[in-house]
Every structure is written in C-alpha cells, then in structure tokens.
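A.B. asks: just coords:
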C-alpha cells in the first residue's frame, strides 16, 4: 500500500475519499423504487465490498492476506456487526427521508463515538467535548421537529441508528487497535450479504433487481471501497481531529449533489434541516479546533 509521508500531500487524498463517499446518496437517489429493493441492494453492495476489499488486500499482502481473518477476534466481530448495521440502516434512512437528514445524522458520529468510548472504554470527555455533544444534540432535535411525518421521522431514526453502528465500529477499533480494519469492513459486507440472503430466501424474493438498479448497487459498493482505500493511504499521517473536519467533504458533497439542479434531482433541504445542520456543523468545527493539541494519528490498514 502506498505510504504518503507528507501531511500536505495526504490532505487532498483524504478529501478525495470524502468526495467518493459523497456520491453515495446521489447514486441511491437514482435507484428505481428503492423501498422495494432494499434487500437486493444490500446483497449486491455487501458482496461488492467484500470482494473488492479482499482483492485489494491480496494485491498488497499476497496469499497471506487470509491470515487477517484469523486475527479479527471479538472486537472485529462486534465492529463488523456494528458496521453492517450501519450499512443496513443507511439505506433504510435515505429511502425514507432526505439525503440531508441522513448525512447530518452521520455527521454526529464523532460525538456518539465519544459517548460510547466514555461508557465502555472509560475514556474521559472534557467539558469542551460535552459542549460540542450538547450543541450537536440540539441540532438533531431541531431536525426532528422539522421531520415529524411518519416516514421522514423514521428515516431520521434510522439515520441515527446508522451513526450508532459506525460509532460502534470505531469504538471496537479503539478497544483493540491490532484488529485488522480492512478485514473488519470486508466482514461487514459479508454480514450484509448473508443477512440479505436469509431475508430474500425466507420471503421468496429475487436476488437481483433490474440491470439499472444492479449497476447502481455495484457502483455504490465500489465508491465505498475506493474511498476507504484512499482514506487509508492518507489518514496515517493526519491527526484524528483533523480528519473530523476533512470528513465533512462527504456530508457537504452528499447534500450538494442531490440538490444541484443540473444533476436532475433538486432535493432541497427543509428549513429545520438547514438550521439543525448548522448547529451540527458548528459543533464539529468547534470540537475539531479545540482538540488540535491532541495530535494522535490514526489510519486504516
């Protein structure tokens, strides 16, 4: 795997990873009747993620890449389950509410992760972080009051569940830092695939959707993997708190692509979503700035 030693060179690579991820909601918005093909989507996307990440690991490590699965342990299993939950609830969220609501819920992940770390890993939370959590929570409440319809409120709840799943994944990596991270992500894709297979068989559904939908399912899985690979190359030389700011590329880009009229969707966020999102952004920026003195480096491997 390429190793970028210059942080100035690593920053645009991580930003580009966020750009790749930001196209996910735009791809999902082009799926025909997504509420009817959720399991086919999860099956194909999970399979693509599992295959592509294993191919990447093989190209980097050769045939010995399978040994990563022998080192995955309880933390990897819990992390894979959490990430699989995040993947499942993401599509349920964005199928029931606006892309802005789903993405802004995901933007709250740093604070949910901090709370889980405090509860289960006994990590201390400073007063400034508590302030950030409070501001972000206020933003989510504002969004909730602006999305009181049954489906959109359900979408917001699933969005928060997705953020919780991603946070569980992050906490398991902190719990046991030697856990092979890419292998855990591949495991999450496999769990999605297996879970979807069971549901499809029980309900006598087809494994495949239309050619257009199948192409979109695979495209989203490819975007996720491409972003992860770029993120892994750049993130090892960027402090964790800086990555919080850089990850906003995904949120801002995701909202922008589905709004941009030229791209054919023109999904305009509600007033409450914009106001709530503003508070979440303030919380993230404040959190990142006050944590600059903590120069911890993280990275996928």
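C.D. replies: Cool, got the structure. Because the structure is predicted, anything quoted here is derived from the model rather than measured.

A.B. asks: now do the phi/psi pair for residue 114.
C.D. replies: phi -60, psi -40 (degrees, to the nearest 10).

A.B. asks: which parts of the protein are helices?
C.D. replies: 7-29, 38-61, 67-70, 73-94, 99-106, 109-120, 127-145, 150-175, 181-202, 211-235, 240-246, 248-259, 271-290 (DSSP state H).

A.B. asks: averaged pLDDT, stretch 151-162. What do you get?
C.D. replies: Taken as a whole, stretch 151-162 has a mean pLDDT of 89.

A.B. asks: so which residue of this protein lies furthest out from the middle?
C.D. replies: The outermost residue of the chain, judged against the average C-alpha position, is residue 204 (29.9 Å), by Cα atoms, centre = their mean.

A.B. asks: okay, it: pLDDT?
C.D. replies: 94.

A.B. asks: could you do residue 220 as well?
C.D. replies: We have a pLDDT of 96 for residue 220.

A.B. asks: what comes up buried for stretch 169-176?
C.D. replies: 169, 170, 171, 172, 173, 174, 175 (16 or more other Cβ atoms under 10 Å). Any C-beta I mention is one placed from the backbone N, CA and C, and that applies to glycine too.

A.B. asks: using TSV, lay out these together with pLDDT and distance to residue 15.
C.D. replies: TSV is the format used below for the buried residues of stretch 169-176 (pLDDT from 0 to 100; distance: Cβ to Cβ, whole Å):
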residue	pLDDT	distance to residue 15
169	88	22
170	84	20
171	87	25
172	87	26
173	77	22
174	77	24
175	84	29
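
A.B. asks: looking at these, spot the one nearest residue 220.
C.D. replies: Nearest to residue 220 among the buried residues of stretch 169-176, counting by Cβ to Cβ, is residue 169 at 18.2 Å.

A.B. asks: for the closest one, what are its contacts?
C.D. replies: Contacts for residue 169 were tallied using Cβ atoms under 8 Å, 6 or more residues apart in numbering; they are 79, 80, 82, 83, 86, 184, 188.

A.B. asks: let's see that with 6 Å instead.
C.D. replies: Going by Cβ atoms under 6 Å, 6 or more residues apart in numbering, residue 169 touches 79, 82, 83.

A.B. asks: nearest residue to the last one other than its sequence neighbours?
C.D. replies: Ranked by Cβ to Cβ, 6 or more residues apart in numbering and with sequence neighbours excluded, the top spatial neighbour of residue 83 is residue 188, at 3.6 Å.

A.B. asks: how close does that neighbour sit to residue 260?
C.D. replies: 30 Å (Cβ to Cβ, to the nearest Å).

A.B. asks: neighbour count winner among these two?
C.D. replies: residue 188 (27 against 13; other Cβ atoms under 10 Å).

A.B. asks: is it true that the more buried one touches residue 78?
C.D. replies: No - Residue 188 lies out of contact with residue 78 (Cβ atoms under 6 Å); the separation is 10.9 Å.

A.B. asks: can you list the weak-confidence ranges in the stretch 201-301 of the chain?
C.D. replies: 235-247, 288, 290-301 (pLDDT under 70).

A.B. asks: rerun at 50
C.D. replies: Under the criterion pLDDT under 50, the flagged ranges of the stretch 201-301 of the chain are 295-301.
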